[in-house]
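Next one to model:
(one chain, ligands or ions: 1)
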Amino acid sequence: PRYFALIPAAGVGARMAASGPKQYLKIGGKPMLRHAIDAFLFSELIAHTYVVVSADDPIIDSIVPSHGVTVLRCGGATRMESVRNGLAALAPTLRENDWVLVHDAARPGLDEALIEKLITTTGEHPVGGLLALPVVDTVKRSIGGELGTLSTVAREGLWLAQTPQMFRYKLLREALSAARDPNQITDDASAVEALGLSPKLVEGHPRNMKVTLPSDVRIAEMYLATAQP
Ligand code: C5P
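Okay, here's the model as predicted:
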């Protein structure tokens, strides 16, 4: 089988409050998106990497390596639309049974070991799979949107979804075209689950955290400076 990487990188990073789009923020001197691209370039299992950016992205060409990566300028208004548009653009290139690993540009801590763990653990699964971490905190739900009125969600069996999330090209396209509300579908697995299918959970690593808030930058830099396990 062939494995491809697709990195949606068309977000604006509103919660980061940075001067430019979050994916270009430097972590340890290198743009976040480039960290994600490099992880796939270093993995011998990945046939090719695709990056989805918005049509008017002025920065991508200056940070993308000259080999192994293709830029698709078809970003949408939500992550789900960016992935959907990217997959549509690959119709002439990908086969139905090819695997696509979708990975957030905002996770600079991905490494080859995690990519290969996901692929070797999921490669035979009929649906696909994703990296995830068991929830360690006690989780509260505010009732009726009111802060202060809480119930506790049993922690057992709860996982935090990470990326990459890998699915066969045809299934992922179908799942994303069937999805109705782009704001509800915040990852690829949820679109597949909405078809009644159960993706496999593969334990990820804290270093593969998502950089969302300004305070996350220092933490991500600490992980990158730490020798990989
Ligand atoms: O904002 P958030 O961190 O949840 O975004 C997750 C990923 O989805 C990021 O890599 C971001 O660039 C991407 N995205 C996108 N198109 C959008 C919104 C987000 O490709 N319209």
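
Give me the number of neighbouring residues for the closest residue in space to G123 that isn't next to it in sequence.
Distances taken as Cβ to Cβ, 6 or more residues apart in numbering place P1 nearest to G123, at 6.9 Å, with adjacent residues excluded. Backbone N, C-alpha and C define where each C-beta goes, glycine included. Residues near P1, counting by other Cβ atoms under 10 Å, number 12.

Is it correct that P1 is in contact with D98?
Yes - with contact defined as Cβ atoms under 8 Å, P1 reaches D98; the gap is 7.0 Å.

show me where this structure has strands.
Secondary structure of the chain (DSSP state E): strands located at 3-8, 26-27, 30-31, 46-52, 69-72, 99-102, 128-134, 139-142, 150-153, 159-168, 200-203.

which regions of this protein sit below the pLDDT cut-off?
13-14, 17, 227-229 (pLDDT under 70).

what residues does it put near the ligand?
Proximity of the chain to the ligand, by Cβ under 6 Å from any ligand atom, involves residues 8-11, 23, 52, 75-79, 82, 104-106, 210, 212.

ok, 8 Å please
Proximity of the chain to the ligand is confined to 7-15, 21-23, 33, 52-54, 75-79, 81-83, 104-107, 186, 210-212 under the rule Cβ under 8 Å from any ligand atom.

Give me the buried subset of the residues you listed.
Listed as buried from the residues of the chain next to the ligand are 7-11, 13, 21-23, 33, 52-54, 75-76, 78-79, 81-83, 104-107, 210-211; burial here means 16 or more other Cβ atoms under 10 Å.
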